[in-house]
Structure formats: structure tokens, C-alpha cells
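S.K.: just a sequence and a predicted model for now, questions to come.
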Number of protein chains: 2
Amino acid sequence: METSSQKIVAETIKKMKETDKNRPKTMKYFDEMADLFDKRKKEIIEEKKSGKKVIGYLCLFAPIELILAADAIPVRVNSGWYDASKIGDRVVPVEVCPVIRSTIGAKMVALSPFLENSDAIISVLTCDGMTKLGEILSDYKTVWQMTIPRIKDSDQALQLWNKEITNIKKEIEKLTGNKITRKKLRKAIELTQKATKAFRRLQDLRKGNPVIMGRDAMLAIQTYMWDDIERWTENTNKLCDELENRVKNKNWSTSPDTPKVMITGTPMFWPDNWKVPTLIEEANPQGVIVADELCSNERILNDPVGVDEWTMNDMINAISERYLMASTCPCFSSSDGNEDRINWLITKVKDYKIDGVIYYVVRGCMLYAMEYTRVKKVLDDINVPVYYLDTEYTREDVGQMKTRIEAFLEMLSARKDF
Amino acid sequence: METSSQKIVAETIKKMKETDKNRPKTMKYFDEMADLFDKRKKEIIEEKKSGKKVIGYLCLFAPIELILAADAIPVRVNSGWYDASKIGDRVVPVEVCPVIRSTIGAKMVALSPFLENSDAIISVLTCDGMTKLGEILSDYKTVWQMTIPRIKDSDQALQLWNKEITNIKKEIEKLTGNKITRKKLRKAIELTQKATKAFRRLQDLRKGNPVIMGRDAMLAIQTYMWDDIERWTENTNKLCDELENRVKNKNWSTSPDTPKVMITGTPMFWPDNWKVPTLIEEANPQGVIVADELCSNERILNDPVGVDEWTMNDMINAISERYLMASTCPCFSSSDGNEDRINWLITKVKDYKIDGVIYYVVRGCMLYAMEYTRVKKVLDDINVPVYYLDTEYTREDVGQMKTRIEAFLEMLSARKDF
């Protein structure tokens, strides 16, 4: 399965190169990182030999800065392998969301180098699937659970979450044997702040005429989940340098009147679960993905930890707030629904001049399925077409998905012409 | 739809009478309460006219005692109507759990007298579906949300929940205009304690030879969700009196060697969603349901509020603890999974001498689906067969369900003979 997965990685990158003949040269670095079984895997194994600990996480609420400050390596361990989801069926019923089933399947056959090398897993009890996934993984690995309040804007919610953050800090210190000092934590926060800055620079470049294809930008962003963060930031800045040059030379990745698409919904994990981005950007008529609201992409890096005074207390509070308050995960609600997600979607539609939204939901993903009604309503109000695309971890529906996506893009093109 | 629903109620009760020709006479009261559009509906409308408020709730975490202490009427508003779930499809995708879709559908056509007459709804953010259901209902009704920690056994979890309880108390007082005094709250707690006592008396009677069919006991218990609690308790005690007499006379509802079945999984709501109990008790060979672990049945009443000192503070704390700590809802986890559910299931298997367990899951019910693996494992360990029965809100699969249930019961019978 490792070999076939490497083949899929190579093929997908090849297709990305074919779509943009003039692909940014600095993507080479991210292509290399995209092979999950090569360079980064070897590095992590080497670092473990020298005594470093690896801490895996499933949801974006795991406080990366605390892991880094304890001199450990954070890696996200959700699985995007289709074949692994079939193996997961042996443990959980098939109606369970494939992101969950695939992660279970990957563990069963020891497929993911990041999951395998994790010394502990942070499992945040977000959606129903993730809540129970942590339980199942605890048969194989040390799992640290964190509970999250489903309503954010109350004192008791922030107090609960703050306590969870403080507890996880202790666990990380115990596992690594490294005390998280004020100095180390400040350094870690500054590191992720720089990464967010580089990410935002990339995103700003996607707001104008298409200077990078969506799949390339998405891949670059997603490698943050397992890459060394300092090096990732450096290479993202190099990519931005190249793209800025291209803007100057009006060197576009595709025609500026290509419909601009935003994706929202269930997370999409490299390498297999790249089906929808591939279909959109290889479609006829073509679309270009300029933004997303996925926890597997833009949500990873959008929000910096905002520290005022750099005391330990202030930093911990800032981390708590950043991970809780900034999240647009649909596990949250309020008296006005998941308003943060709605607001962010509307802002993005305007900032990126989105022509249409693909609302992507895999089978069993209840939260995104149920928020669709509300999202559609607000997008209708601002006259932005949205298409509900339901699928599974499978290659078998690519034919009919292509037809559906092309029909949507045709409609978007017609609206642009009109 | 009201007429066809009344017909279903009448037909189901008729079938229950046919299964047990010698059905307890005191079931007459519960049969009357089972017609959702008759006596109780009229009573509630009358009480509203006299100024009483009705407070609906979706999950068992809504603190009934606070509602009663404010002189309001608590009613559970989850829907068991099949046809309503089809209507709900217009608002949420079909992969959403039918309990949720049916409740939405019921609201759309104003079918449920209890939901319609509710002045406010308490929506506790338990599973993903319930979390988003509250949002959708808030388009029609005043909805009060309560967030619940997914891990119970920490100070911060209990603090969060305690604060949620205190807040809901204020909302109830504001809506009703009635202050919840120490005296009134004590009276309310004593009322539900008596109900739990009557319930436990009924359950004890189900531990020996079958003196009541499972469907009858389940219906009696479920009417608690909308009945006047004092009257319900009185009538449950009358039922128990009659059953105790039957025990003395060895007057069994069915042969004592009928396999004893326990149901666990997704809640089952009267009237349509009575399919599985009906199939089990009308099967050939027959099974008798002697216990369940459903939040639509035994979980409603199993745990009393345990007060020490009857101060306001003590009572509020006791209510918090009872609703949080006693729950075996699969939205909870711990370092040992949802251990409270597992432990309760094992205890029940022993107490009720269960021959086999039906694990009932409707499509889209992720939490129960995912906990199956663990439950099966522990039941295997104590050599109790368990059957995973997945279905939908539909009458169409009754044929194949019958075959599956009868095969399971045949196996249980064979094991008993052996």
C-alpha cells in the first residue's frame, strides 16, 4: 500500500504539472514534502533516534506551540487514503465518515509514517466521529483527550478550555521530559506567527488574477501538517517571491476570466482525497480554486496567536483563545448558529471575488451536511451560486462527479460572460 | 397526518393487545396517554390558557425539576413519525439521522402538539445532529442552548455544566415569571424521585419471569415524556400493584423460557418508531424485551436527584450531577471510552438475565454506530450474543428486518435449549 500510495502522489503531482505548464518552480520543494514516505519520514525517524518525541493530533485544536516549545515534533495524523478506509470498515460500520474509517484503517495496516511514529496522540472531542476515533486509537497508542465546549462565548467555556490547555501542557512536559519555559514558548509562538504571515502572503496573492493554481497552493499549505515549520515558512516565502514576480510580469497560471471557486465542507486530506480539487481544475470549462474554508487547509494557518505581554500566563491565555475563538468548525453553535463560519465565508467570498462555492460533504459528515441549509441561504442572499457535492472515499464516482462539477462550472462561466 | 398518526397509535396498541391476550388492565391508562392528539394535548392547551408555560426539550439533560419548580410543563419533543422524516428531507440532506429529520419535518407541518405548544425549547448540544437541530428549530421557536462537556470526570467539566444549569434556571424564571424557590424546587425533586421509585419498581418486576411484555412497559415509561408526572407515578404504581398480583398467581405474559432481550442504541420514539419492539415481540420464535438502555426509555427515569441538605445550592449541585454524571449517552468519552455505558450494560445483562442484545442504529447515528465495536467486545467476553440492527425511519424494510430478528431469536432459543 505504501508503494501504491507513492504512485498516487507521483501521478497527482504529474497531473498538477500538466494543468499548469508554467507551474511555479518553487513548488518543487512542496512536491518533495508531498511524498509522505520519503524525506520527511526519514527525518522524523532520525530525530526520534536522537531522543525527540513526536506528538500526533487529529483536529486543529491541538496547541502546536506547546508541542514545539517542548522540543517535540507536531504531526497531523488524519488520513486521506481511500484504500485504508475500506480496511477501516472491518472495525466500524460503513456509514461512519470515511475520514475516520480511513484513519482507523491506516492504523490497522501501519500505513501512516506520522501516525506510526507518534509517541502520543492529541484527540480533541470535536465531532462525533473524532470523539470516538480517539477511543479506537487508544487501543494502539497513548491518546490524550481534550474536551471542547460547543458554545464558545461564555466565561465557563473559556475556563473549561483553558484548563484543558493547561492539562495538555503538563502531559507534553511529562512525555518529553522538557519543561515548557517562558522563553521556549515565546520562541514557538513567534515561529507559528511567522508561518501564518507567510501563509497570509500566499493568500493575498490568490486574491487577484490567478498566479497559482488552487491545487498547488493547497498542497503547499497542507504540507505544514507534517513539515518542519521553520523550513516550511522559508519555502512558502520563496514561493511568494516567485509569485510576486509573476504578478509583475502578468504571468498567469490560467486565464484571468476562469471562474474563481471556493471550497468549504469536510476536510480533504492528501494524497487520495484530492479528487475534488483535481476535478475542478482539470474540468472543461476549468475552474480555479482561490480559497477554501477547510480545516485541512486555510483554517490550519489563518489565525496567529495574539500575545500582549509574553508572560507565561498571557501566552497560555492567548493560545487558548486562538484555538477556541478563531475556529469555524461546525461543532460549534451559538444563539445565532455557527455564525463565525458564516461570517468568514461571506468575507472570503468578497475578498477573493468568488464566483461559486463547492460545498463538499462526505457520507456520514453530519455537521457539514446540516450546516448546508444555512450556508446556502446566506450565499443565495449575496447571489453566489453554491453546489452541494456529496461523495465518499472512492475513485468510482469520479465520472459522475466530473459531470456534476462541469455543469456547475459551465453555469459559473455563463454568469461571468453575462 | 394527525389522523393517520392516530390510526397508527390505535393499530399498534391493538397489536400489543393481541400479543398478550391477558394484558394488564392498568395499561388502559397508558394507552389513553399514548394518543398524542387526545387527552394530554387538550390538557396542555387548557393549562396554557390559564397562563402556564410549556417548555420542550430534546435531550435528557434538560433539568425537568427546574421546569416543574417554575410551575411550567416539561415535554420532550423528539419525533418518532416516519412520514415527518420524509418532509425533513427538504431542509437537511437525507444522510442526516432520521430522529433529527423527523423532528424538523414535524415542525414544518406543525404535527407535534407538544412541540407546537412549547413556549421555549431546551437544546442540549449532545450529538452532532442534536447540536444542529436546535439551530434549525430556532427559526421557529425560542431555543435555549446548553453545552455539555464530552468528558465528565473533571472539575472544569462539572463547573461548566453547573454554570449551564444556573443559566437555564434564570431563563426558565424569566419566561414563566415564577421564581424557583427552595421550597418549590424541593417539591419538584421529590416528585421526580417518586417517579423514579415507581419506575424502578416496574423494572424490578421485569427481572423475573415475564409478567409484562416489553412493548407495554416501554410505552408506559415513554409516556412520562409528556404526561403529568404525579399522575404518571400514581398510574405506574397501579400497574406495579397489578403485576405483583400476577407474580403471586404465576400469571405470565408469555412463556418463562422466551428469550429475554435487551435493546440498546439509537432512541426509539412513539408512535411509528416502535418497529423493532413490535418485530421482536411478534416474532416466531418470540422474544420478550425485559430491559433497554435507550435515552427514550430506561435512561429517562433510572437516576434520582440525590440531595443531601436541601439548600438551594445543594439542590442545584445535585441536579447538575444527576444530569451529567449519570448519563450513559455516547456523546461522552473518557480515557476508558464511554465506560459508564459499558458498565451499565453489563450490570443490566446480569440483573435481567439477558439472553441476547439487539444493538439498534439508524442511518446517520454515528455515535452509536462507532461504540458498537466496544460493546460487542465486552458482550462477547461475557458470552452474550449481540445483533447489530441498522435501519431507517421507514416501514419498507419490515420484511427483511423480521427475517433478521427471527434468525437472531432462533439462535437465542437454541442456546437456551442447549
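M.R.: That came through, no problem. Every value quoted in this text rests on a predicted model; they were computed, and no experiment measured them.
S.K.: can you name every helix or strand that the helix or strand hosting A:R200 contacts?
M.R.: For A:R200, the host element (DSSP states H and E) is helix A:182-205. On a contact count with 3 or more C-beta pairs under 8 Å, 6 or more residues apart in numbering or on different chains; DSSP states H and E, helix A:182-205 meets helix A:64-69, helix A:214-222, helix A:229-248, helix A:298-301, helix A:312-325. For the C-beta atoms, the positions are set from N, CA and C on the backbone; glycine is no exception.
S.K.: which outside residues touch it?
M.R.: A:64-66, A:68-71, A:178, A:211-212, A:217, A:220-221, A:224, A:229-230, A:232-233, A:236-237, A:239-240, A:243-244, A:247, A:291, A:298, A:301-305, A:307, A:310-312, A:315, A:318-319 (C-beta atoms under 8 Å, 6 or more residues apart in numbering or on different chains).
S.K.: repeat that for 6 Å
M.R.: Contacting residues not belonging to helix A:182-205 are listed as A:65, A:68-69, A:211, A:229, A:233, A:236-237, A:240, A:243, A:301, A:304-305, A:310, A:312, A:315 [C-beta atoms under 6 Å, 6 or more residues apart in numbering or on different chains].
S.K.: would you tell me which residues of chain A are close to chain B?
M.R.: A:91-93, A:95-96, A:125, A:127-129, A:131-132, A:135, A:147, A:149-151, A:156, A:160, A:163, A:333, A:337, A:363, A:366-367, A:369-370, A:373 (C-beta under 6 Å from any C-beta of the partner chain).
S.K.: and the spatially closest residue to A:M268 that is not a sequence neighbour, how many neighbours does it have?
M.R.: In this structure, A:M268 finds its nearest non-sequential neighbour in A:S296, 5.2 Å apart by C-beta to C-beta, 6 or more residues apart in numbering or on different chains. Using other C-beta atoms under 10 Å in any protein chain shown, A:S296 has 23 other residues around it.
S.K.: in terms of pLDDT, where does A:S296 sit?
M.R.: A:S296 carries a pLDDT value of 97.
S.K.: secondary structure class for it?
M.R.: coil (DSSP: H, G, I helix; E, B strand; the rest coil).
S.K.: cool, A:Y387 as well?
M.R.: strand.
S.K.: from what I see, it and A:F408 are in contact.
M.R.: Yes - under the criterion of C-beta atoms under 6 Å, A:Y387 makes contact with A:F408 at 4.5 Å.
S.K.: which one of the two is surrounded by more residues?
M.R.: Neighbours around A:Y387 and A:F408, counted as other C-beta under 10 Å, are more numerous at A:F408. The numbers are 22 against 18.
S.K.: quick one: buried residues of the host helix or strand of the more buried one?
M.R.: Here A:F408 sits within helix A:398-417, counting by DSSP H and E. By neighbour count with 16 or more other C-beta atoms under 10 Å in any protein chain shown, helix A:398-417 contains the buried residues A:401-402, A:404-406, A:408-409, A:411-413.
S.K.: how about JSON lines for these, with pLDDT added?
M.R.: Shown next, in JSON lines, are these (pLDDT from 0 to 100):
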{"residue": "A:M401", "pLDDT": "96"}
{"residue": "A:K402", "pLDDT": "97"}
{"residue": "A:R404", "pLDDT": "97"}
{"residue": "A:I405", "pLDDT": "98"}
{"residue": "A:E406", "pLDDT": "98"}
{"residue": "A:F408", "pLDDT": "98"}
{"residue": "A:L409", "pLDDT": "98"}
{"residue": "A:M411", "pLDDT": "97"}
{"residue": "A:L412", "pLDDT": "97"}
{"residue": "A:S413", "pLDDT": "96"}
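S.K.: the closest residue to A:L379 other than its chain neighbours: how many residues sit nearby?
M.R.: Spatially, and ignoring its direct neighbours in sequence, A:L379 is nearest to A:V386 (4.7 Å; C-beta to C-beta, 6+ apart). A:V386 has 22 neighbours, counted by other C-beta under 10 Å.
S.K.: local confidence estimate at A:V386?
M.R.: Looking at A:V386, its pLDDT is 98.
S.K.: now for it: which residues touch it?
M.R.: A:357, A:359, A:376, A:379.
S.K.: so which of the residues you listed wins on neighbours?
M.R.: For the contacts of A:V386, neighbours tallied by other C-beta under 10 Å; top is A:V357, 26 neighbours.
S.K.: what's in contact with the helix or strand hosting that residue?
M.R.: In the assignment (DSSP H and E), A:V357 maps to strand A:356-362. Counting contacts by C-beta under 6 Å, 6+ apart, the residues outside strand A:356-362 that touch it are A:97-98, A:261-266, A:276, A:368-369, A:372, A:385-390, A:412.
S.K.: which element is encountered next along the chain beyond it?
M.R.: The helix or strand immediately downstream of strand A:356-362 is helix A:366-381, counting by DSSP H and E.
S.K.: show the contacting residues for the residue nearest to the spatial centre of chain A.
M.R.: With distances taken as C-alpha atoms, centre = their mean, A:S296 lies nearest the centre of chain A, 1.4 Å away. Contacts for A:S296 were tallied using C-beta under 6 Å, 6+ apart; they are A:267-269.
S.K.: repeat that with 10 Å
M.R.: With contact set as C-beta atoms under 10 Å, 6 or more residues apart in numbering or on different chains, A:S296 has these partners: A:60, A:76, A:78, A:80, A:99, A:218, A:221-222, A:225, A:263, A:266-270, A:273.
S.K.: thought A:R374 was touching A:L367?
M.R.: No - A:R374 is not in contact with A:L367 according to C-beta atoms under 10 Å; the separation is 11.7 Å.
S.K.: of these two, who's got more company?
M.R.: With other C-beta under 10 Å as the criterion, A:R374 and A:L367 differ in neighbour count, and A:L367 comes out ahead with 25 against 20.
S.K.: does that one touch A:D128 like I think?
M.R.: Yes - look at A:L367 against A:D128 with C-beta under 10 Å: they come within range, at 8.3 Å.
S.K.: identify the contacts common to the two.
M.R.: A:97, A:331, B:128-129, B:131, B:366.
S.K.: among these, name the ones in helices.
M.R.: Counting by DSSP state H, the shared contacts of A:L367 and A:D128 place B:128-129, B:131, B:366 in helices.
S.K.: can you tell me the helix or strand for A:T258?
M.R.: Going by DSSP H and E, A:T258 is not in any helix or strand.
S.K.: and A:C329, backbone torsions?
M.R.: Main-chain dihedrals, A:C329, degrees, to the nearest 10: phi -60, psi 140.
S.K.: what number of residues lie near A:T394?
M.R.: Neighbour count of A:T394, defined by other C-beta under 10 Å: 16.
S.K.: which non-adjacent residue is nearest it?
M.R.: Leaving aside its chain neighbours, A:T394 sits nearest to A:Y82 (6.2 Å; criterion: C-beta to C-beta, 6+ apart).
S.K.: who's in contact with that neighbour?
M.R.: A:5, A:8, A:98, A:102, A:105, A:271-273, A:275, A:392-396.
S.K.: and which of the ones in helices among the shared contacts of A:L367 and A:D128 is nearest A:D119?
M.R.: A:D119 has its nearest neighbour among these in B:M366, at 28.5 Å by C-beta to C-beta.
S.K.: which ones are touching that closest one?
M.R.: By C-beta under 10 Å, 6+ apart, the contact list for B:M366 reads A:92-93, A:95-97, A:100, A:127-129, A:131-132, A:364-367, B:97, B:127-129, B:330.
S.K.: relative to helix A:214-222, how tilted is the helix or strand hosting A:T3?
M.R.: According to DSSP H and E, A:T3 maps onto helix A:2-19. Angle of helix A:2-19 versus helix A:214-222, following axes from the mean of the first three to the mean of the last three C-alpha atoms, to 10 degrees, is 130 degrees.
S.K.: now the element after helix A:2-19, going C-ward?
M.R.: Using DSSP H and E, the next helix or strand after helix A:2-19 towards the C-terminus is helix A:27-34.
S.K.: buried sites along that following helix?
M.R.: Burial within helix A:27-34, assessed by neighbour count using 16+ other C-beta under 10 Å, is assigned to A:27, A:29-31, A:33-34.
S.K.: stretch A:167-178 now?
M.R.: A:168-169, A:171-173, A:175-176, A:178.
S.K.: thanks again, I'm all set now.
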